[in-house]
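[1] Fold the following, please.
(one chain, ligands or ions: 2)
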Amino acid sequence: MNRPQLSVVIPVYNEEAGLAALFARLYPALDQMELSYEVVFVNDGSRDRSAAILGEQFRARPDVTRVVLFNGNYGQHMAILAGFEQTRGEIVVTLDADLQNPPEEIPNLVDKIRAGHDYVGTIRRNRRDSWFRRNASRMMNRLRERITHIQMTDQGCMLRAYSRQIIDTINQCREINTFIPALAYTFAQNPVEIEVAHEERFAGESKYSLYSLIRLNFDLVTGFSVVPLQWLAAIGMGLSFVSAGLFVLLMVRRFVLGAEVQGVFTLFAITFFLLGVILFGIGILGEYIGRIYQQVRQRPRFLVQAILEDDAESAAREHPAGTLERHAAGRR
Ligand code: UDP
Ligand code: MG
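    Ligands and ions are numbered 1, 2, ... in the order given. This next block holds a predicted model:
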């Protein structure tokens, strides 16, 4: 089977209300581009009718549609990784299912890859999210950039394009809590960023609570940098110097002025502050240890329940005969 020129990977989690609108815009946009393409949907354990709707879409356009069905909810980034493993295109574009990233922008991304870039990042023009979300994410973006040295003006936008080589490299990674644009950026040789339009969510609600956004940002920082650990060491060192100075000062005072008992509450304040620093430090250590723990268990990162794909194509790879069928990929 020939490689399509373009693969589009879309993670789907409880998006039944918006999927029809997505199909209605995505497929015409791709058809207009006059290149061979495939769309890989990954159902991330939706509890609504999403899986069924994806199945219908697969039957409507089996030649260009493939659907990976997870047996549970593993998160957006795991879903995209599973999609990457199925892609065959020379260029791979990721897209959200909620139509916040207009599919009509895909040709602009493809043009950049054709111009020789291997990673096309995006910046959302007039971002349509809540005020709080916009400002919180701008702050995190800056902090993250200082810590990880990954240059992403807008880390949140998932409409991005990658070259085949980057996808192959990502497919070799076995990381568990990862952030795909950052992972891809670390492998990119010639990255570029372009502006894209951004729209309100077409239907349904954001799947990210404040807590999961905080988790995501922790993953971003601890997954791509050990700078927080180095900061801890630096803070520890600074504090040791200060307390050594204090010790000398108090010794001198003890012998010159005699013993003192005043300033007990100042001492409390200092102690509580230091306790805070210690707990914070342990917390950061915990973040890294947790990652190490998850990684050493070596469990499968996600379980694929079934893959819907056109048998004419998969037959060439594994099955000698048969019409449409489901086959479980099972444990990898
Ligand atoms: N998503 C997913 N698994 C999850 C959460 C989200 O596959 O556990 C998908 C979701 O269906 C959508 C994309 O990831 O296609 C982005 O999610 P959402 O629009 O809720 O995030 P936001 O735009 O608010 O950052
Ligand atoms: Mg969204």
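[2] my guess is Leu229 meets Tyr288, correct?
    Yes. The pair Leu229 and Tyr288 passes the contact test of Cβ atoms under 8 Å, sitting 6.8 Å apart. For every residue, glycine as well, the C-beta is placed using N, CA and C.
[3] Check the gap between Ala24 and Val42 for me.
    The gap separating Ala24 from Val42 is 20 Å, by Cβ to Cβ, to the nearest Å.
[4] and what of Arg301?
    For Arg301, the distance to Val42 - Cβ to Cβ - is 13 Å.
[5] where does Leu30 land in three-state SS?
    Classification of Leu30 using DSSP: H, G, I helix; E, B strand; the rest coil returns helix.
[6] And it, how close does it get to ligand 1?
    Distance of Leu30 to ligand 1, computed by Cβ to the nearest ligand atom, to the nearest Å: 17 Å.
[7] Pull the contacting residues for that residue.
    Leu30 makes contact with 6, 8, 37, 39, 64, 103, 106, according to Cβ atoms under 8 Å, 6 or more residues apart in numbering.
[8] With Thr153 instead?
    Shown in contact with Thr153 (Cβ under 8 Å, 6+ apart): 121, 123, 141, 193.
[9] Nearest to Asn171, out of these: which one, please.
    Using Cβ to Cβ, Gly121 comes nearest to Asn171 of the contacts of Thr153, at 19.9 Å.
[10] Who are the contact partners of that closest one?
    Taking Cβ under 8 Å, 6+ apart, one finds 152-154, 157, 160, 181, 185, 191-194 in contact with Gly121.
[11] List only those of those flagged as buried.
    Among these, those buried by neighbour count (16 or more other Cβ atoms under 10 Å) are 152, 154, 157, 160, 181, 185, 191-194.
[12] out of the residues you listed, who's nearest Leu308?
    Arg160 (24.9 Å).
[13] The closest one is in contact with Tyr119, isn't it?
    Yes. Counting by Cβ under 8 Å, Arg160 touches Tyr119, with 7.5 Å between them.
[14] shared neighbours, the two?
    By Cβ under 8 Å, 6+ apart, the residues touching both Arg160 and Tyr119 are Ala184.
[15] Distance check, Leu220 against Ile170.
    16 Å.
[16] Neighbour count: these two, which is higher?
    Leu220 (24 against 21; other Cβ atoms under 10 Å).
[17] which phi and psi does that one have?
    Main-chain torsions, Leu220, degrees, to the nearest 10: phi -60, psi -40.
[18] State the next helix or strand along the chain beyond whichever helix in the chain runs longest.
    Secondary structure of the chain per DSSP state H: the longest helix is helix 264-297. Using DSSP states H and E, the helix or strand that follows helix 264-297 in sequence is strand 304-309.
[19] Could you report the pLDDT at Thr222?
    For Thr222, the pLDDT comes out at 90.
[20] how close does Ile307 sit to ligand 1?
    For Ile307 relative to ligand 1 (Cβ to the nearest ligand atom), the value is 16 Å.
[21] Just list the residues touching the residue nearest to that residue when sequence neighbours are not counted, thanks.
    Nearest residue to Ile307, sequence neighbours excluded (Cβ to Cβ, 6 or more residues apart in numbering): Val68, at 5.3 Å. By Cβ under 8 Å, 6+ apart, the residues touching Val68 are 40-43, 79, 82-83, 86, 304, 307.
[22] again with Phe255
    Residues counted as contacts of Phe255 (Cβ under 8 Å, 6+ apart): none.
[23] Also Cys173?
    Here Cys173 is in contact with Leu183 (Cβ under 8 Å, 6+ apart).
[24] Could you give the average pLDDT over the host helix or strand of Tyr185?
    If you go by DSSP H and E, Tyr185 is part of helix 180-187. On average, the pLDDT along helix 180-187 is 95.
[25] what comes up buried for that helix?
    Neighbour counts using 16+ other Cβ under 10 Å place 180-185, 187 of helix 180-187 among the buried residues.
[26] can you redo these as a markdown table with distance to ligand 2?
    What follows is the buried residues of helix 180-187, written out as a markdown table (distance: Cβ to the ion, whole Å):
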| residue | distance to ligand 2 |
| --- | --- |
| Ile180 | 15 |
| Pro181 | 15 |
| Ala182 | 18 |
| Leu183 | 20 |
| Ala184 | 19 |
| Tyr185 | 21 |
| Phe187 | 25 |
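[27] out of those, which touch ligand 1?
    Checking these against ligand 1 by Cβ under 6 Å from any ligand atom, not one of them is in range.
[28] Let me know the closest of those residues to ligand 1.
    The shortest gap between ligand 1 and any of the buried residues of helix 180-187 belongs to Ile180, at 11.1 Å (Cβ to the nearest ligand atom).
[29] Could you verify my assumption that the closest one touches Leu81?
    Yes. Using Cβ under 8 Å, Ile180 is in contact with Leu81, at 7.1 Å.
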